[in-house]
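In: Show me how the following folds:
(one chain, ligands or ions: 1)
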Amino acid sequence: MADNAEQAELWNGRLGKAWVNVEDYIDGMMAPLSTVALEAVNAKPSDRIIDIGCGCGTTSFSLGATGAAVWGVDISTAMIDRANEKDNAAGNVAFSVGDAASQQYTADHTVVFSRFGVMFFADSVKAFANIRSALVPGGRLVFLCWQPPAANPWLSIAGAALQPFQPADAPPLDPEAPGPFRFGVPEDTRKVLSSAGFANIAMQPVVKDLHLGDTIDEVMRFQSNVGPLSGLLETLDESRHAQATAAVRDAFAAKADSKGINLEAATWLVTATNG
Ligand SMILES: C[S@@+](CC[C@H](N)C(=O)[O-])C[C@H]1O[C@@H](n2cnc3c(N)ncnc32)[C@H](O)[C@@H]1O
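Out: Take a look at the predicted model:
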């Protein structure tokens, strides 16, 4: 398989379509984290910004609302199709389907941004070196990525509930494999970015309570589309499918109170510069 073929298949198949289904829910839930990342960019009308792994384009349009020129790049056709359906009256936001790791860039961008879209490269050093080639000298990299699962109960609760349903020979999580937790370990992230030629690398913890929903049904809609349950369901027969779903539902129900279901999420806000 070519470099990012496995991820391309996933985001053009089950996961990309599911993400489009629950896009509004995800954007609402992620808002407290997005605000911090967008403030860190502090975009100006003179900026030329690339939004890597832009998905359905929500953060691209938030950045574009400042007057900056924004280009969203994503490997998923379904998600870029959704982004292209959105109102772009000002005409300063553009999207294309592409692999950010091998995309050809011109070195005239002031900022490369991403909300959880840079953790899926087969070769992260090579991908970030290519991404750096898009930046003017001194141009900035600003991205959000997840801290390890133990710091993210909003995700790990489902993972723990599903443990009994995992195949006995399931390999342990490899922190260096492409996936949501690829940049959870700061030492490794710094090593990757400095090997890719970035300077002034900083990682600031951003920890927020996420509102997962007012009801368990809302939570389960996310879980069965893109949460840890969604991938596993494909591998289970009907009765195990029902048992796994019930296990996740019970785990979240135990966390519900009069304010709904709210759980902690821990991320890194990573910043760096091109020289
Ligand atoms: C966790 S989603 C985040 C989407 C979006 N940034 C958001 O916050 O809603 C990860 C995104 O990265 C994209 N992606 C994965 N590998 C990619 C690659 N090599 N090049 C471009 N996009 C990629 C996926 O298609 C997906 O849209």
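In: Quick check: residues of the stretch 101-250 of the chain near the ligand?
Out: Remark: the part of the stretch 101-250 of the chain in contact with the ligand comprises A101, R115, F116, G117, F120, F121, using C-beta under 6 Å from any ligand atom. C-beta coordinates here come from the backbone N, C-alpha and C atoms, glycine included.
In: and those, which of them are in helices?
Out: By the criterion of DSSP state H, membership of these in helices covers no residue at all.
In: Widest-spaced pair of those?
Out: Across these, no pair lies farther apart than A101 and R115, at 17.6 Å, counting by C-beta to C-beta.
In: if you count what's nearby, which of those two comes out ahead?
Out: Per other C-beta atoms under 10 Å, whichever of A101 and R115 has more neighbours is R115, with 25 against 22.
In: Tell me which of the residues of the stretch 101-250 of the chain next to the ligand fall in strands.
Out: In this view, these that belong to strands under DSSP state E are R115.
In: Where does T110 sit: helix, strand or coil?
Out: Classification of T110 by DSSP: H, G, I helix; E, B strand; the rest coil places it in strand.
In: Could you report the separation of it from the ligand?
Out: 19 Å (C-beta to the nearest ligand atom, to the nearest Å).
In: Next one, pLDDT for that residue please.
Out: Among the per-residue scores, T110 shows a pLDDT of 98.
In: picking that back up, just give me the closest of the residues of the stretch 101-250 of the chain next to the ligand to P137.
Out: When these are compared for distance to P137, the smallest value, 21.9 Å, is given by A101; criterion: C-beta to C-beta.
In: Kindly list the main-chain dihedrals of the closest residue to that closest one other than its chain neighbours?
Out: Nearest residue to A101 in three dimensions, chain neighbours excluded: A127, at 3.5 Å (C-beta to C-beta, 6 or more residues apart in numbering). Backbone torsions of A127, given as degrees, to the nearest 10, read phi -60, psi -50.
In: For the spatially most central residue of the chain, give me its contacts.
Out: When C-alpha atoms, centre = their mean is applied to the chain, the residue found nearest the centroid is F116 (2.4 Å). F116 makes contact with G53, L144, C145, W146, P180 under the criterion C-beta atoms under 8 Å, 6 or more residues apart in numbering.
In: Kindly provide the distance from the nearest residue to A253 once chain neighbours are set aside to K259.
Out: Computed as C-beta to C-beta, 6+ apart, the closest residue to A253 that is not its neighbour in sequence is I216, at 5.4 Å. Distance of I216 to K259, given as C-beta to C-beta, to the nearest Å: 14 Å.
In: Counting neighbours, go ahead and name the busier of these two.
Out: Each of I216 and K259 had its neighbours counted (other C-beta under 10 Å), and the higher figure belongs to I216 (19 against 9).
In: For that one, which residues are in contact?
Out: For I216, the set of contacting residues under the criterion of C-beta under 8 Å, 6+ apart consists of R249, F252, A253, A256, I261.
In: ok, back up a step: in JSON lines: the residues of the stretch 101-250 of the chain next to the ligand, plus pLDDT.
Out: Formatted as JSON lines, the entries for these read as follows, by pLDDT from 0 to 100:
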{"residue": "A101", "pLDDT": "98"}
{"residue": "R115", "pLDDT": "98"}
{"residue": "F116", "pLDDT": "98"}
{"residue": "G117", "pLDDT": "98"}
{"residue": "F120", "pLDDT": "97"}
{"residue": "F121", "pLDDT": "98"}
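In: Next, count neighbours for A199.
Out: A count of neighbours around A199, defined by other C-beta under 10 Å, yields 11.
In: Check it and give its pLDDT.
Out: Checking the pLDDT column for A199, the value is 98.
In: In contact with it: list those residues for me.
Out: With C-beta under 8 Å, 6+ apart as the criterion, the residues that contact A199 are A272, T273, N274, G275.
In: I'm done for today, thanks for sticking with me.
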